[in-house]
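From the sequence below, what's the structure:
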Amino acid sequence: MSFQSVNQDWEGLAKHDAMWAILTSPEKQGNKWGNEEFFEAGRYEISVVFDLLKELKALPVDNELALDFGCGVGRLTQALGKIFRSVHGIDVSPTMIAKATALNAAPDTVQFRVNDTTVLPFPPSSFSFIYTSIVLQHIPYPQQVEYIAEFGRLLKPGGTLVFQIPTKDIRQISLLQRIKSTVRIRERLSKIGIGTFHHMQMNPVPEAEIHAVMKAAGCTVVGHRYTNHTDVGFGGRLRFMERSQSKDYESSLFIVRKS
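The predicted model follows:
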């Protein structure tokens, strides 16, 4: 599947049910997410992450500028706006960005913009903190690696990067079963009223490659946790887990510093 078709998929999903496209809890299908509940999930996730950063002594060097990559309608961006003096949220979907702007409770602090290329529109060493979750996993492999390298370029010395990505597909299924799984997803999306099939693909990147890309960008992985981000019922309730508890994919949260 091409990078451009993925961008089109997310624009289609955003137009149909933007919040559910981000947090695909089965009981929330059909525009059933309430604004407060949805954004509270973002505040909860950021609080869990920053507790971890404190534990690892990996807090960013300052609270000047943060980036939320794949911001959607601003679930995490607005939460970061409570911590940083300025936050940028970027997304490939114009509809997501329009909704994020309409729901923005802090326009003096939080800004949103569309970006549909693998070159992020900011100068080197701009950000004190970069965060992304449940985003890279839906991007094709070559572009995943390009974005991770871009994060390294944009991070300032002493800055902190935290990103979630699956590192291994642990499903014990055949190629035929994988095809049938895709057909079931198509049927499920059709039943909730999406006339054109929009695919949410899941793409892992090996952990060793992530370390290599970060090293080439002058960054060091200082922490790692397995998470429940790839679970169907994730719903924004981030929790850390043992590797053995992983289900279909090993979802990993990487904590990175730039020296």
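
could you say what helices and strands the lengthiest helix in the chain packs with?
Across the chain, the longest stretch assigned as helix under DSSP state H is helix 35-56. Applying 3 or more C-beta pairs under 8 Å, 6 or more residues apart in numbering; DSSP states H and E, one finds that helix 35-56 contacts helix 75-80, strand 155-169, strand 219-227, strand 249-258. C-beta: built from backbone N, CA, C; applies to glycine.

Ranking those by mean neighbour count, which comes first?
Across the helices and strands packed on helix 35-56, the average number of neighbours (mean count of other C-beta atoms under 10 Å) peaks for helix 75-80, which reaches a mean of 27.

CA atoms only: put that helix into CSV for me.
Extracted in CSV, the C-alpha atoms of helix 75-80 (Å, rounded to 0.1, in the frame of the first residue of the first chain):
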residue,chain,number,x,y,z
ARG,A,75,-6.2,14.7,22.0
LEU,A,76,-2.6,14.7,23.1
THR,A,77,-1.7,18.1,21.8
GLN,A,78,-4.0,19.9,24.2
ALA,A,79,-2.6,17.8,27.0
LEU,A,80,0.9,18.9,26.1
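
For that helix, name the packing helices and strands.
By 3+ C-beta pairs under 8 Å, 6+ apart, helix 75-80 packs against helix 35-56, strand 65-69, strand 86-91, strand 110-114, strand 127-132.

if we go to 10 Å?
Packed against helix 75-80 by the contact rule (3 or more C-beta pairs under 10 Å, 6 or more residues apart in numbering; DSSP states H and E) you find helix 3-22, helix 35-56, strand 65-69, strand 86-91, helix 94-102, strand 110-114, strand 127-132.

Next, the buried residues of the fifth one.
Neighbour counts over helix 94-102 (16 or more other C-beta atoms under 10 Å) mark Thr95, Met96, Ile97, Lys99, Ala100, Thr101 as buried.

ok, residues contacting that helix?
Under the contact criterion C-beta atoms under 10 Å, 6 or more residues apart in numbering, helix 94-102 has outside partners 10-16, 18-19, 21-22, 68, 70-75, 77-78, 89-91, 93, 107, 110-116.

Adding mean pLDDT and distance to Pro206, write the helices and strands packed on helix 35-56 out as TSV.
Formatted as TSV, these follow (pLDDT from 0 to 100; distance: least, C-beta to C-beta, whole Å):
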stretch	mean pLDDT	distance to Pro206
helix 75-80	98	26
strand 155-169	97	6
strand 219-227	98	13
strand 249-258	97	10
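
now these as a markdown table including distance to Glu209?
Formatted as a markdown table, these follow (distance: least, C-beta to C-beta, whole Å):
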| stretch | distance to Glu209 |
| --- | --- |
| helix 75-80 | 25 |
| strand 155-169 | 9 |
| strand 219-227 | 12 |
| strand 249-258 | 12 |
